[in-house]
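> Sequence and computational prediction follow.
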Amino acid sequence: MRERQAQTVLLVRAFEETDPGGRLLPLQRRTEATRRALETAEPVHSARGPAVIAATRRAETVQHRARLLLNSLEERYPALPRLLRAMRWRGGIGRSVAVAALVAGLASNVLGPAGQVNLLAFPLLGLLAWNLLIFAWMIAGRALTRRARRAGTAGGPLIRWTVRAVLLNLPRRLRSRATPGDAEVLGRALAAFGAAWGRLAGPLLAARVRRTLHLAAVAAAAGVVGGMYLRGLAFEYRATWESTLLDAAHVDALLGALLAPASALLGLAVPGAAPLRAPGSGEAAVWIHLYAATTLLFVGLPRLILAVLEQLRVRRRAAGLAVDLEAAYFRRIFAPWSGAGTRLEVLPYSFHPGAGERESLRRLLHEAFGAHSHVEIHRPAEYGASGNTALGEAGPPPEGGSESIFVALFSLAQTPE
């Protein structure tokens, strides 16, 4: 499902499951919404299964029903649309963060205010080191992310904090217009929705945040490089270095290794460092070019690639949030309308269910296969009876193309054979 449809389905589900008595969402409206959704979906009665609608239309039917019920909820609680909008990602967030990072990069004076560029204390070295740490953390965190996804907690503290922040004030406004009893049910429903939405949309929100941070890093790098060249046009800068522990040979080796990719890309040789040791100095232009190219190679380009990958991941996840339509909640919704043509043959083995157990079993099977399915509980087969004997007692298969499903019933204390 797409993001908005999934939100609607989960919100309605939270209200229905936390309000089984129909206090906030009347039971009559739920039944009417199910009927209208099924009529729109053109129900089919398949002889090969209990589904009342084709599998390809099931999601559309669920979404249509949820929209109808959401309209009913919005009539009673007009602030609900604001809640849903607040929990969706707004497109302007990423652009605003990127613009702010670009402006911050332009405003930063990495060349220094005194007209001296210290090659060993260049602030760009800190930017490079920080991004290398980020890349290392991302690689190390892949295993943790996979583990969190298997545990159903992908998105982690980020999504939980966001949900709590959004749910902090709006539910308070919603509950302010409700009676004490209604407010308690409403609070439970919104809490259940927040938890469900966090589990479902956590990976999507995490991908959006990563995309935004990568684009912000690209913008900051572009701003820093652009700011260097703008200041280099208006002011003269001299390159120098000083160190207590490193001599000229060490500095040559360090800068040669660090700037080698940029040197190969630009076709500029890395100058020797010995003449630049303080109080000596030299032209800074070639160093500015090399450091700018290094920043774009090791910060801008990797971050841009990662941002593109995250954008592809965002599009894929936003277009197909995996709401489990086979969950018991959805089966219960359509159970009263489904099951026609399905015969359930219950074969107890070495077990004699009582009247209460039989009724509970019928209720569970109707919930799973549809209220219109026919449940037949046969005489228990005694211990040692063969499967063929039990099946023979169940009688011939039904006529007319109906489906017959056999259900084996036995005690958990039964021995394996």
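Okay, I see it. Numbers count the residues shown, from 1 in each chain.

> switch to C-alpha atoms for all contacts and neighbour counts from now on
OK.

> Could you measure from the nearest residue to Leu111 once chain neighbours are set aside over to Leu266?
Nearest residue to Leu111 in three dimensions, chain neighbours excluded: Val117, at 5.5 Å (CA to CA, 6 or more residues apart in numbering). The gap separating Val117 from Leu266 is 20 Å, by CA to CA, to the nearest Å.

> quick one, longest helix in this structure?
helix 180-234 (DSSP state H).

> show me what contacts Ala328?
Ala328 sits next to Ala368 when contact means CA atoms under 8 Å, 6 or more residues apart in numbering.

> How confident is the prediction for it, by pLDDT?
pLDDT, Ala328: 81.

> any idea how far it is from Leu364?
From Ala328 to Leu364 the distance is 11 Å (CA to CA).

> So which residues of the stretch 301-417 of the chain form strands?
With DSSP state E, counting those that start in this stretch as the criterion, the stretch 301-417 of the chain has strands at 342-348, 374-377, 403-409.

> Out of these, flag the one nearest Leu84.
Closest approach to Leu84 among the strands of the stretch 301-417 of the chain (CA to CA): strand 342-348, 39.7 Å.

> quick check: angle from that closest one to strand 403-409?
Here the directions of strand 342-348 and strand 403-409 differ by 20 degrees (axes from the mean of the first three to the mean of the last three CA atoms, to 10 degrees).

> returning to what we had before: check the average confidence over the longest helix of the chain, would you?
Helix 180-234 comes out at a mean pLDDT of 87.

> Next: stretch 404-411.
87.

> just stretch 380-390 next, same as before
Averaging pLDDT residue by residue across stretch 380-390 gives 73.

> before we move on, what about stretch 40-58?
On average, stretch 40-58 scores 54.

> what's the answer for stretch 245-255, then?
Here the average pLDDT along stretch 245-255 is 90.

> before we move on, the earlier item: quick one: the residue nearest to Leu111 is in a helix?
No - counting by DSSP: H, G, I helix; E, B strand; the rest coil, Val117 falls outside a helix, being strand.

> Any idea what it is bridged to?
Ala239 (DSSP bridges).

> who are the neighbours in contact with it?
Leu111, Tyr237, Arg238, Ala239, Thr240, Trp241, Ala284.

> Between these, identify the one with the most neighbours.
Highest neighbour count within those, by other CA atoms under 10 Å: Leu111, with 25 neighbours.

> just checking, that residue touches Met228?
Yes - the pair Leu111 and Met228 passes the contact test of CA atoms under 8 Å, sitting 6.6 Å apart.
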